[in-house]
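Peer 1: let me see the structure of the following:
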Amino acid sequence: MTARAADRARYDRATAQLDAPLALVDLDAFDANAADLVRRAGGKPVRVASKSVRCRALLERVLSREGFAGIMSFTLAESLWLARSGFEDVLLAYPSVDREGYAELSADPKLAAAVTVMVDDPAQLRLIDAARDGGREEIRVCLELDTSLRLLGGRVRFGARRSPLHSPGQVAELARAVARTPGFRLVGLMAYEGHVAGVGDKVAGSPLRSRAVRLMQATARRELVVRRAEVVRAVRSVAPDLEFVNGGGTGSVQHTAAESAVTEIAAGSGLYVPRLFDNYTSFTGRPAALFAMPVVRRPGVGVVTVLGGGYPASGAPGPDRLPVPYLPEGLAYDPQEGAGEVQTPLLGAVADDLLIGDRVWFRHAKAGELCERFDRLHLVTGDEVTATVPTYRGEGRTFL
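Peer 2: Modelled structure (predicted):
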């Protein structure tokens, strides 16, 4: 029996009394992935990206481990909710225009001490100030550096279009704007190199593309290690008490951790290890989050149909954004139908071994987005469900 076949047998036994569709997290794999992130971080704390987890119980579990500290959140409403729930260090990774949220933040000493907001434009400072509605608490601020690699005078660009702040001078200028604006305190700097951390360099069946990605990433790392250090020096000249410099992501943990200018690493997807993380040479994780759909039809030889399954991930549309049939091995989508809204036909010789009511286990393309489809996660240890916990959705929290 292969390792994957053994996992399928475990998951089927563990959930035998549960009706599918369902989602589970294999805690043995989850904990092993967490330990690997800490190992790769080389002694620097790992801040957990909540968008990649979206389950309070699992956020609490990973933050109880040595080597993890703080949350990187994705909306202001989520940040406030987490802070009210007892999480004491929440970095909002994206700018917000949630005026009601800012009024609440600036009026509550506990929330203001726990939450740090993201700014990359003076207009955002003005919006926050106007939203205070009488609140007098000091707002903790983090600036975001654009990490994109720009070549040929900017005509060629690799990296997400995030912050407009690319040079040390631009970041320092905004740092000075924060320093001279009453009611704000600059405490952090963030620089997420998504073109390194979030792009696989081992593309199946594409050796030339894989080499091109590795070349781009090596060039990007060399450029960024110099520029990020220059930016940090420029910002510290304005805010010498800067508390943290955040960088990285699951795919670049060890590279970013090696930079002396960086004080902490961000990661989250590496806990669940969705299918997009199969394409990396720098690390190998264990798939920890899966969902099961029941076989409801057997249309013919070599075909079964499962309920639902059309759960595409965000990003540029393409086959790599679809969940992948994972267990049993050997199933594939019908190219004329793909993953369906209400039903999904799957092809392969192994389909003839599946009966009505059997499960097909899938891996989502991305990490936390799975939790937008399910209101609970069944936590499996060995071949037993040891707990069932709500996702954000299960707690009635759909922030985006």
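
Peer 1: what's around residue 137, how many residues?
Peer 2: Look at residue 137: counted by other Cβ atoms under 10 Å, it has 16 neighbours. C-beta here means a position set from N, CA and C on the backbone, and glycine is covered the same way.

Peer 1: meant to ask about residue 258, not that
Peer 2: 12.

Peer 1: could you do residue 294 as well?
Peer 2: 17.

Peer 1: thinking residue 287 is in contact with residue 363, fair?
Peer 2: Yes. Counting by Cβ atoms under 8 Å, residue 363 is a contact partner of residue 287 at 5.6 Å.

Peer 1: mind listing the shared neighbours of those two?
Peer 2: Counting by Cβ atoms under 8 Å, 6 or more residues apart in numbering, the residues touching both residue 287 and residue 363 are 274, 326.

Peer 1: show me where the stretch 201-350 of the chain has its strands.
Peer 2: Using DSSP state E, counting those that start in this stretch, the strands assigned to the stretch 201-350 of the chain run over residues 244-247, 264-267, 289-300, 303-307, 324-327, 332-333, 343-347.

Peer 1: to clarify, my last question referred to the stretch 1-150 of the chain.
Peer 2: Remark: strands assigned in the stretch 1-150 of the chain by DSSP E, counting those that start in this stretch are 22-26, 46-49, 68-73, 90-92, 115-119, 139-144, 149-151.

Peer 1: do you know which of these lies nearest residue 297?
Peer 2: Each of those has some distance to residue 297 by Cβ to Cβ; the shortest is strand 22-26, at 19.2 Å.

Peer 1: residues contacting that closest one, please?
Peer 2: For strand 22-26, the surrounding residues in contact (Cβ under 8 Å, 6+ apart) are 7, 11, 14-15, 55, 58, 272, 286-292, 370-371, 373-374, 376-380, 385.

Peer 1: again with stretch 76-92
Peer 2: Contacts of stretch 76-92 from elsewhere in the structure, counted by Cβ under 8 Å, 6+ apart, are 47, 50, 56, 59, 63, 69-75, 96, 98, 101-102, 104-105, 110-111, 113-118, 142, 188, 190, 246, 392, 397, 399.

Peer 1: can I get it in PDB, CA atoms only?
Peer 2: Extracted in PDB, the C-alpha atoms of stretch 76-92 (Å, rounded to 0.1, in the frame of the first residue of the first chain):
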ATOM      1  CA  LEU A  76      -9.700  45.400   9.600                       C
ATOM      2  CA  ALA A  77     -13.000  43.800  10.700                       C
ATOM      3  CA  GLU A  78     -11.200  40.500  11.000                       C
ATOM      4  CA  SER A  79      -8.300  42.200  12.900                       C
ATOM      5  CA  LEU A  80     -10.700  43.700  15.500                       C
ATOM      6  CA  TRP A  81     -12.500  40.400  15.900                       C
ATOM      7  CA  LEU A  82      -9.300  38.500  16.500                       C
ATOM      8  CA  ALA A  83      -8.100  41.100  18.900                       C
ATOM      9  CA  ARG A  84     -11.400  41.000  20.800                       C
ATOM     10  CA  SER A  85     -11.000  37.200  20.900                       C
ATOM     11  CA  GLY A  86      -7.700  37.500  22.800                       C
ATOM     12  CA  PHE A  87      -5.000  37.600  20.000                       C
ATOM     13  CA  GLU A  88      -2.600  40.300  21.200                       C
ATOM     14  CA  ASP A  89      -0.500  41.000  18.100                       C
ATOM     15  CA  VAL A  90      -2.400  41.400  14.800                       C
ATOM     16  CA  LEU A  91      -0.800  43.000  11.800                       C
ATOM     17  CA  LEU A  92      -3.300  44.000   9.100                       C
END
